[in-house]
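[1] Predicted coordinates and the sequence they were generated for:
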Amino acid sequence: MITKQKFNLYQVLGLEKLNSLFLKRLGRILFYSSVCYIILLVSNVLLSSFFGFSLFVNFISDLGSIRFIPFPYVHNLICLFGGMVSLPINFYVRNKLRIVYKSSKYSIKFVDFGVAFGIIGNIGYILLGVFSLDRAGPGDIYHSIIASISFVGYILSIFFFSLNIVLSHNCKLKHLGFFGLVVPIALLFTYCVLTIPLIEWFLLSSILLFLLLLNYYVFNF
């Protein structure tokens, strides 16, 4: 009875609507911040090209080393910013997919796996801003482990979100789901076999494209 009264009071005072409005505005801020992250990343790559940086020759991590770029701290800050912005977005995605596709028996399990791996990827990306190539540890071991955790975390997150999308009924994102199931994993496999910088950039691009389109859908633009 007390719980019910508290809930009614919560509605009467308009706090429920206020909370919903706050979360919606926060979501828009997070989305636009993620767009800003991509713009900053692209801008940094373009600026670095004036100092000899090339997608055909340099790996992503080279942006964070004074050996290749005179301003590696910029890339480190971009990693920190991108990881911190993306971290809370996982929970918006979880809420959206669980509500829209709740009729699917796969929904809760796959979405929760997606969120868990997404958090791992985000934390790894944040740590990449700390353990860049200039602070990579003996034999670059710290940086290599964290980079692997970050990439695998994001790819598995996309894989499980995509499974939820593809296996759910009346889904509006089927094409995005199939893209998420095939492209990032195929690029990761190709990169592991060939270890070519350009493929690593394609892999990062596929991750960013999927997450940007998914976030656009989640925040109802």
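    Perfect, thanks for sending it.
[2] Going by C-alpha atoms from here, please, whenever you check contacts or count neighbours.
    Will do.
[3] Beyond the helix or strand of the chain at the bottom of the mean pLDDT ranking, next helix or strand please.
    When each helix and strand of the chain is scored by mean pLDDT, DSSP states H and E, helix 2-12 comes last, with a mean of 46. Per DSSP states H and E, the first helix or strand lying C-terminal to helix 2-12 is helix 15-49.
[4] Now do the buried residues in the helix or strand that that following helix is followed by.
    Downstream of helix 15-49, the next assigned helix or strand under DSSP H and E is helix 72-100. By 16 or more other C-alpha atoms under 10 Å, the buried positions in helix 72-100 come out as 72-94, 96-98.
[5] so the next helix or strand after helix 72-100 versus helix 72-100, what angle?
    Helices and strands here follow DSSP H and E; after helix 72-100, the next one along the chain is helix 107-128. Taking axes from the mean of the first three to the mean of the last three C-alpha atoms, to 10 degrees, helix 107-128 and helix 72-100 form an angle of 170 degrees between their directions.
[6] Tell me the first helix or strand C-terminal of helix 107-128.
    Next helix or strand after helix 107-128 toward the C-terminus (DSSP H and E): helix 141-167.
[7] Show me how far that next one is from its chain's centre.
    On the basis of C-alpha atoms, centre = their mean, to the nearest Å, helix 141-167 sits 9 Å off its chain's mean C-alpha point.
[8] How about stretch 127-147?
    The chain centre lies 20 Å from the centre of stretch 127-147; the measure is C-alpha atoms, centre = their mean.
[9] what's the answer for stretch 69-76, then?
    Worked out by C-alpha atoms, centre = their mean, stretch 69-76 lies 21 Å from the chain centre.
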